[in-house]
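Peer 1: just need the structure, nothing else, for what follows:
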Amino acid sequence: MKNIPPLYPVLFATNPVLLLLSGNISDFALAQAFPMIFIIPTLAGIAILLYYHLLKDAHRAGFIVFLSIFWFFHFGTIRLVAGSINIAGIQIAQTWFFFIIWTLLFGFLGSSIVWHKVTSPQTITNYLSLVCVIIFLVSIGRMAIDLAPRYFQKPDASAIISTLPPTAALNPFPDIYYIILDGYCNAEILQQVYDYNNTAFLEDLRTRGFYIAPQSHSNYPQTALSLASSLNMQYLTDLPSTAPDRGQLISMINHSRLRTVLEHIGYQTITFESGYLPTTITDVDFFLTSPDLRHNRDLEAYLWLNSAAVLLMENGLLDIPITTFRTQQERVIFTFESLSNLPETSGPKFVFAHIIAPHPPFIFDANGPITPENTYILADGNRLPGSQADYIRGYIAQLVYINQHMIETVDAILATASVLPIIVIQGDHGPGAYFHFDSAEETCMSERFSILNAYYIPEGIYIPGDITPVNTFRLILNTYFGSNLDLLENNSYYSTWDKPFQFIDVTAKLGTTCETP
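Peer 2: Residues are numbered from 1 along each chain as shown. Coordinates of the predicted model:
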């Protein structure tokens with residue numbers, strides 16, 4: 001290790017991108033790491049050469065570039081951590097004084113005063129090289145844990161396919177629409193907890209032939225868990241409880257048993273850009289996204305928010321293309337409009353549409369889009385700023401707007417269908433005014449697990465009033481395609497965000513009322 005060149009800042013320059021990506025690997029597409037993952041290390045390498053030319057000392061040049069990277073890219077993070085420090089009622093971290101102290105600190109560490117005290121520059125280079133390699137490998141390892149299941153652990157649908165009869169029970173096949181209205185709860189909770197009567201919307205659905213399961217609950221309180229379960233028609237209790245990643249959930253949603261079975265039968269799959277990575281399924285027959293949608297670079301934006309550039313952003317001197325309310329509003333409106341005018345297919349189609357509403361943030365009121373330039377950050381429950389009263393007001397206003405679009409969409413689908421379709425309109429979980437991501441004790445289970453679960457099934461088959469999403473497509477495959485799948489018990493499982501696969505059976509708690517102020 002004695003002759004290691006001081007190139008460690010080039011490797012360390014990947015750290016801001018990799019650290020952010022590895023910590024949010026289920027939220028950001030890998031493509032968002034480019035080109036910054038190359039640009040920053042390249043600039044670091046150029047900076048080393050420039051400092052070496054100026055100082056004639058390779059080890060010091062590397063050390064100064066290392067300090068510069070740390071100073072710039074970790075300023076925002078350190079400031080956030082120090083945000084709770086108050087002196088005389090002033091949050092020091094939010095002032096320019098904090099930036100000056102931060103800059104002076106690193107200026108001193110990189111000064112000749114400090115460097116002349118160094119007796120072995122090579123030792124510093126060796127040590128920091130080892131540290132940077134370890135940091136790099138840890139980030140890559142964290143990413144690999146999540147990414148590997150996406151590509152190498154696809155659900156197996158062979159057992160279901162093997163039970164299908166040679167001739168399906170129904171011909172011609174109906175189009176199947178699976179529309180997820182994120183966070184949409186049932187009428188009882190809306191009335192009891194939110195003091196809102198949703199009868200008009202439900203009656204509009206019923207008059208069009210829908211059956212609404214009155215006692216339906218979600219099986220899980222988080223979107224990825226819920227949809228991985230419903231699309232695969234199974235509970236997730238077999239997943240390792242200590243698994244740290246959500247990559248396997250993304251694989252289960254993208255390559256679900258339901259999709260595999262339907263494509264085996266002859267269906268073509270149509271999906272939409274949802275604005276949520278696990279449900280943005282692109283490797284399908286038709287992936288629909290608005291051509292006018294602004295392409296944002298959220299990973300890059302968060303990179304700058306964590307850096308000293310946040311000061312420029314706060315003072316209006318730097319504009320980063322981060323997702324705004326307008327972007328998500330366009331996605332939602334485009335999805336509704338496209339559901340009414342889907343591309344022609346050579347056979348029946350399976351349409352999966354995940355609409356992130358009435359889930360917060362509340363980007364619509366009853367009349368349409370609001371505050372379009374606000375930054376859009378997906379959050380809910382105790383992680384959403386504001387009071388519970390604010391949540392309830394925003395939720396109801398957004399729900400009213402979604403109701404209007406949903407009825408218009410249903411009418412358009414039914415008006416253009418040559419064969420009466422199957423339409424499932426379902427909440428993946430309930431709302432979160434009284435939901436806590438990290439505490440079962442502080443969560444109102446009845447609110448979080450109560451969902452809208454509406455079925456348009458022309459054959460008029462019997463649907464249990466307490467059916468849960470895990471059984472939705474077991475029932476449909478049995479009825480239309482001759483499978484023989486047992487209906488599972490209707491259970492609901494809570495888990496925290498940090499430990500998503502450590503499930504707590506809360507089925508017995510779903511009948512309790514929420515303690516509301």
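Peer 1: show me which helix runs longest in the protein.
Peer 2: The residue-count maximum for a helix in the chain (DSSP state H) belongs to helix 121-152.
Peer 1: and that helix, how far out from the chain middle?
Peer 2: Mean C-alpha position of helix 121-152 versus that of the full chain (Cα atoms, centre = their mean, to the nearest Å) differs by 25 Å.
Peer 1: what average pLDDT does it get?
Peer 2: Per-region confidence: helix 121-152 scores 92 on mean pLDDT.
Peer 1: mind listing what's buried in it?
Peer 2: Buried positions in helix 121-152, judged by neighbour count with 16 or more other Cβ atoms under 10 Å: 121, 124-126, 128-129, 132, 135-136, 139, 142-143, 146-147, 149-150. Heads up, the C-betas are built off the backbone N, CA and C, glycines and all.
Peer 1: ditto for stretch 23-30
Peer 2: The neighbour-count check on stretch 23-30 (16+ other Cβ under 10 Å) flags 25-28 as buried.
Peer 1: same thing with stretch 400-414?
Peer 2: By 16+ other Cβ under 10 Å, the buried positions in stretch 400-414 come out as 400-407, 409-410, 412-413.
Peer 1: make CSV out of the residues you listed and add secondary structure and pLDDT.
Peer 2: Below are the buried residues of stretch 400-414 laid out as CSV (DSSP: H, G, I helix; E, B strand; the rest coil; pLDDT from 0 to 100):
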residue, secondary structure, pLDDT
Val400, helix, 98
Tyr401, helix, 98
Ile402, helix, 98
Asn403, helix, 98
Gln404, helix, 97
His405, helix, 97
Met406, helix, 98
Ile407, helix, 98
Thr409, helix, 98
Val410, helix, 98
Ala412, helix, 96
Ile413, helix, 96
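Peer 1: of the residues you listed, closest to Gly430?
Peer 2: Set against Gly430, the nearest of these by Cβ to Cβ is Ile402 (14.5 Å).
Peer 1: going by distance to Leu227, which of the buried residues of helix 121-152 wins?
Peer 2: Distances from Leu227 to these, taken by Cβ to Cβ, are shortest for Arg150, at 14.8 Å.
Peer 1: what does the pLDDT read for the nearest residue to Leu299 once chain neighbours are set aside?
Peer 2: Computed as Cβ to Cβ, 6 or more residues apart in numbering, the closest residue to Leu299 that is not its neighbour in sequence is Gln32, at 3.8 Å. With respect to pLDDT, Gln32 scores 88.
Peer 1: contacting residues for Gln32?
Peer 2: Going by Cβ atoms under 8 Å, 6 or more residues apart in numbering, Gln32 touches 21, 297-300.
Peer 1: taking these one by one, which sit in helices?
Peer 2: 21, 298-300.
Peer 1: make JSON lines out of those and add neighbour count, distance to Val351 and pLDDT.
Peer 2: Shown next, in JSON lines, are these (neighbours: other Cβ atoms under 10 Å; distance: Cβ to Cβ, whole Å; pLDDT from 0 to 100):
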{"residue": "Leu21", "neighbour count": "24", "distance to Val351": "31", "pLDDT": "91"}
{"residue": "Asp298", "neighbour count": "20", "distance to Val351": "27", "pLDDT": "89"}
{"residue": "Leu299", "neighbour count": "22", "distance to Val351": "29", "pLDDT": "90"}
{"residue": "Glu300", "neighbour count": "20", "distance to Val351": "32", "pLDDT": "90"}
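Peer 1: for the residues you listed, give me TSV that also has distance to His53.
Peer 2: Below are the ones in helices among the contacts of Gln32 laid out as TSV (distance: Cβ to Cβ, whole Å):
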residue	distance to His53
Leu21	33
Asp298	37
Leu299	33
Glu300	30
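Peer 1: which of those sits closest to Ile425?
Peer 2: The shortest approach to Ile425 among the ones in helices among the contacts of Gln32 belongs to Asp298, at 28.9 Å (Cβ to Cβ).
Peer 1: one step back: now for the buried residues of stretch 23-30: which two are most distant?
Peer 2: Largest separation among the buried residues of stretch 23-30 by Cβ to Cβ: Ser26 and Phe28, giving 8.2 Å.
Peer 1: now do the shared contacts for these two.
Peer 2: Leu277.
Peer 1: just the pLDDT for Ala417.
Peer 2: The per-residue pLDDT reported for Ala417 equals 89.
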